[in-house]
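Asker: Quick check, what structure comes out for this input:
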Amino acid sequence: MNRRTILAALAVMAGGTFAAASPASAASPFSCIGTGADADNIASGVEVNVAFTGNFPEVVAGRKFTISPTIQYKLSNDYLKGLGEKGLLNDGENRLGGLTFWVPIAASNTVEGRQYMRAVVQPGNGAQRVWWDDATDTVTVQRYSTASGQAAGVPVGPRMQDFTGTLSLSGASTYWTPSSSAPVSFSVANAGSLGVVKVRDEWRRAQVANPPAPTDALWGGGAPDVDPLTTARPYGNLYVRLRIGQNGRTSLDCVSGVVAVQDSTIAYNAAGNAAAPSGDAGRYFISAGAAPAFAAVAPRATPKSFSCIDGLGSYVGREINAYDIKLTAPAQGAYTPGQPFALSGVKVDITLPAVMLQGLYGNLLSYQSLPPSGVVDQPLRIWVAVQGTNTTQGVQTVLIEGRWTGSFRDPDGVPGTGDESFPDVALSYTMPNSTWTPNGNGPVAFSVAAPAQIPELTLVGFGHSGDSGAVFPMNPYGSFFVRAETGRYGASIDCLEGQIDFADTSIARSNLGRLSPTVRIPEPVAAGAAPNGRTAAAGSAGRYSIVHQAGAPFAIVPAAPAAAPLPAAKPVAAVRSLSVKSSKLRISLRCTGAACAGTVKAATTGRHRINGKLKQLDLTKAVKYSVKANGTATVSINLTKDAKALLKKKKKLGVTITVAPASGAKFTKKLTLKT
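Answerer: The predicted structure is shown next:
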């Protein structure tokens, strides 16, 4: 390549128009090396970009998270015709055998710094075929359905000119850990940072699970599907490997910047930037531009209160998500110790985030069960482990049964083309009443219990692969467990107050919860089906690290105030009768209200002449009395000498009884004593 051509290539970056070195497209930040219509191997008509249009999961400094960027690609009609002219397409129908993308992703302010991610259009799953007419030098593309579950499918819609699509870069095993609370920015890493790509090994991973019969000419008549390229060292920062038809295998080595042929005497080699004969180092002039940035997020200073293991989120690289969950309760009154108390009116609010609905959409699309209206309305159950302090029960699990709705928005009306959106869904339920027995040791505080206290649940799978009605056990990690059905699929959201992180990702994820993966249980089978003899891991214990951070109680119930004590009953003494016997005066007393005690004595009511003097005579001395509550007692008191003499003279005698209670005022009572 001469100096003039190189300068022209540089001019492209500044807005020049030298055709031989033109970038893939104004819509693409990449220029690609590859087999195409251009003799210099700079692929024209190729557009490829990396984007992120989804929602970030909760991002917190020091905690792992995942995202799934998307690859947006367009292999234009001119590019596809170039493949035909180079002999990489058969005359007639050419089935897609797979399309694999490798992209190095850089993330600022993360522990990992840079990792590569991969995306695959699986054989038969891309639902597109290329039709090449060698005689007329024309090419078309047609989309195919996979409704039958087979690679063949049926045609859908008219034939198109370009081979386009959007697919997700896998984030299921690619975790990023923010180093601080500073923003995390994602971009495609610099050119050359992919290192060595193991093309053949990755290709085998992308092969269809059930290859077609050997007689299928579109797959090479049953020839072994082995990519002739073992490894490649890409020049650029986005690498693509395409298999189409029987023998069509080609690479696109894309650089964010400008690529031009510098030394055409060095033969093109798909192995890339290595010295000949292992590669074609020195063939190209590369002026790399700034790698495109596609996303940024600011880590939260404090995490949300609930962290969840998300069964649907796992399919879009969001296995652990933070959820907005809130429990509130009206005033509950007061309890009486030892008496049943009803916790009532508890409101449960939960937001199903877009990431959960994105996973749901992806599954429903694969299983061909998208609602025509885009609206899902299906059953939902929530189990909540509720703790009640100072109660006999301690912890109870309460089941909420309801429904959930969600909407899919698809502007172009074609499922799976990448323009779909999934708005968050805010749901609200009222928890059924639960009965508790306070022990009286203090206020009863109701809150979400610590993790792992929901007892084993028995769930039924709706099934999408022949296991409809399968019954399986679930042992939740958390204390707030959601099961959302779709009619063909069930999603589990296993939540707790606190934080969940990955501890050992080599332990496989399980739909069955917290039991040890070394414990094996019979594999669930469809309702009514005989056991298949296979076993499955009972859980995924050890995969996660869990830190419980108890939230504030949502209801606090005080004890009812103790009843005010009744005033003590005052004793009331009364004199019932009076008699005399054997020189003793007998006085009968009665006490009401309470026991009473005091002193009692007797004297004449009127005056009598005693020893020549007229006076009132004491008949007895004062003596003590004691009478039980509401009881009677008789007090016998010795008569004085003068009293005995007086009584001998009198047949009747007026007597005044004086009672002096131990508490209260003294009183008198006048009686007539008959002798």
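Asker: CA only for contacts and neighbour counts going forward, please
Answerer: Noted.
Asker: any low-confidence regions in the stretch 351-500 of the chain?
Answerer: The stretch 351-500 of the chain contains residues with pLDDT under 70 at 355, 362-363, 365-369, 415-418, 463-467.
Asker: Next, name the residue at the spatial heart of this structure.
Answerer: Cys308 (2.9 Å; Cα atoms, centre = their mean).
Asker: so that one makes contact with Asn321?
Answerer: Yes. Using Cα atoms under 8 Å, Cys308 is in contact with Asn321, at 5.3 Å.
Asker: so what's Arg534 closest to, chain neighbours aside?
Answerer: Distances taken as Cα to Cα, 6 or more residues apart in numbering put Glu523 closest to Arg534, at 5.6 Å, once the chain neighbours are dropped.
Asker: separation between that neighbour and Asn511?
Answerer: Separation of Glu523 from Asn511 (Cα to Cα, to the nearest Å) stands at 12 Å.
Asker: just the strands in the stretch 301-450 of the chain please.
Answerer: Using DSSP state E, counting those that start in this stretch, the strands of the stretch 301-450 of the chain run over 306-310, 320-323, 325-328, 341-343, 347-352, 375-388, 395-407, 425-430, 434-436, 444-448.
Asker: quick one on the thing from earlier: any idea how far the residue nearest to Arg534 lies from Gly539?
Answerer: According to Cα to Cα, Glu523 and Gly539 sit 12 Å apart.
Asker: My reading is that Leu80 lies in a helix. Confirm?
Answerer: Yes. Under DSSP: H, G, I helix; E, B strand; the rest coil, Leu80 sits within a helix.
Asker: Pretty sure it sits against Asp137.
Answerer: No. Counting by Cα under 8 Å, Leu80 sits too far from Asp137 to count as a contact (10.4 Å).
Asker: So which of these two has more stuff around it?
Answerer: Neighbour count, other Cα atoms under 10 Å: between Leu80 and Asp137, Leu80 has more, with 28 against 12.
Asker: nearest spatial neighbour of that one, skipping sequence neighbours?
Answerer: That would be Val139: by Cα to Cα, 6+ apart, it lies 6.9 Å from Leu80.
Asker: ok, that neighbour - how many residues close by?
Answerer: Neighbours of Val139 (other Cα under 10 Å): 26.
Asker: Could you pull out the buried residues of the helix or strand containing it?
Answerer: In the assignment (DSSP states H and E), Val139 maps to strand 138-144. Of the residues in strand 138-144, 139-144 count as buried by neighbour count, 16 or more other Cα atoms under 10 Å.
Asker: Equivalent analysis for stretch 107-120, please.
Answerer: Applying 16+ other Cα under 10 Å to stretch 107-120 flags 107-110, 113-120 as buried.
Asker: can you check stretch 500-513 too?
Answerer: By 16+ other Cα under 10 Å, the buried positions in stretch 500-513 come out as 500-502, 509-513.
Asker: Which ones among those residues lie within helices?
Answerer: Using DSSP state H, no member of those sits in helices.
Asker: Among those, give me the pair with the biggest separation.
Answerer: By the measure Cα to Cα, Asp501 and Leu512 form the most distant pair in the buried residues of stretch 500-513, at 18.0 Å.
Asker: all helices of the stretch 1-150 of the chain, in order?
Answerer: Applying DSSP state H, counting those that start in this stretch to the stretch 1-150 of the chain gives helices spanning 3-13, 77-85.
Asker: Out of those helices, name the one with the poorest average pLDDT.
Answerer: Note on those: helix 3-13 shows the lowest mean pLDDT, a mean of 34.
Asker: re the thing from before, centre of the chain to the strand holding Val139, how far?
Answerer: 43 Å (Cα atoms, centre = their mean, to the nearest Å).
Asker: what packs against it?
Answerer: Applying 3 or more Cα pairs under 8 Å, 6 or more residues apart in numbering; DSSP states H and E, one finds that strand 138-144 makes contact with helix 77-85, strand 128-133, strand 155-160.
Asker: how many degrees apart are the first one and strand 138-144 in direction?
Answerer: Think helix 77-85. 110 degrees (axes from the mean of the first three to the mean of the last three Cα atoms, to 10 degrees).
Asker: contacting residues around stretch 577-588?
Answerer: Stretch 577-588 is contacted from outside by 575-576, 589, 620, 632-639, 644, 671-675, using Cα atoms under 8 Å, 6 or more residues apart in numbering.
Asker: Now that stretch: buried residues?
Answerer: Neighbour counts using 16+ other Cα under 10 Å place 578, 580, 584-588 of stretch 577-588 among the buried residues.
Asker: can you tell me the helix or strand for the residue nearest to Thr592 when sequence neighbours are not counted?
Answerer: Closest residue to Thr592 apart from its sequence neighbours, by Cα to Cα, 6+ apart: Asn630 at 4.2 Å. Under DSSP H and E, no helix or strand contains Asn630.
Asker: Give me the domain ranges for this structure.
Answerer: What automatic domain parsing lists as the domains of the chain is 3-52+62-296, 302-557, 572-674.
Asker: Leu566: which of the ones you listed is closest?
Answerer: Between Leu566 and the domains of the chain, the tightest spacing by Cα to Cα is seen for domain 572-674, at 12.9 Å.
Asker: one step back: so if I had to pick from Glu523 and Gly539, which one is more boxed in?
Answerer: Gly539 (27 against 16).
Asker: for the closest residue to that one other than its chain neighbours, what are its contacts?
Answerer: Excluding its sequence neighbours, the residue lying closest to Gly539 (Cα to Cα, 6+ apart) is Leu515, at 4.3 Å. By Cα under 8 Å, 6+ apart, the residues touching Leu515 are 475, 538-541.
Asker: quick one: which of the residues you listed is most hemmed in?
Answerer: Highest count within these by other Cα under 10 Å belongs to Gly539, 27 neighbours.
Asker: got the phi/psi numbers for it?
Answerer: Gly539 adopts backbone torsions of phi -180, psi -170, taken as degrees, to the nearest 10.
Asker: What distance do you get for the closest residue to Phe56 other than its chain neighbours to Lys304?
Answerer: Nearest residue to Phe56, sequence neighbours excluded (Cα to Cα, 6+ apart): Ile67, at 6.7 Å. Separation of Ile67 from Lys304 (Cα to Cα) stands at 18 Å.
Asker: So those two - more neighbours on which side?
Answerer: When neighbours are counted by other Cα under 10 Å, Ile67 and Lys304 differ, and Ile67 comes out ahead with 21 against 18.
Asker: phi, psi of that one?
Answerer: Here is the backbone geometry of Ile67 (degrees, to the nearest 10): phi -140, psi 160.
Asker: Arg318 is in contact with that one, correct?
Answerer: Yes. Using Cα under 8 Å, Ile67 makes contact with Arg318 at a distance of 6.9 Å.
Asker: what residues are up against Arg483?
Answerer: 380-382, 490-493.
Asker: and which of those residues is nearest to Asp263?
Answerer: For those, the nearest to Asp263 is Ala491 (56.6 Å; Cα to Cα).
Asker: sorry, back to before: now, which of the buried residues of stretch 107-120 sits nearest Pro292?
Answerer: Among these, and counting by Cα to Cα, the member closest to Pro292 is Ala107, at 12.0 Å.
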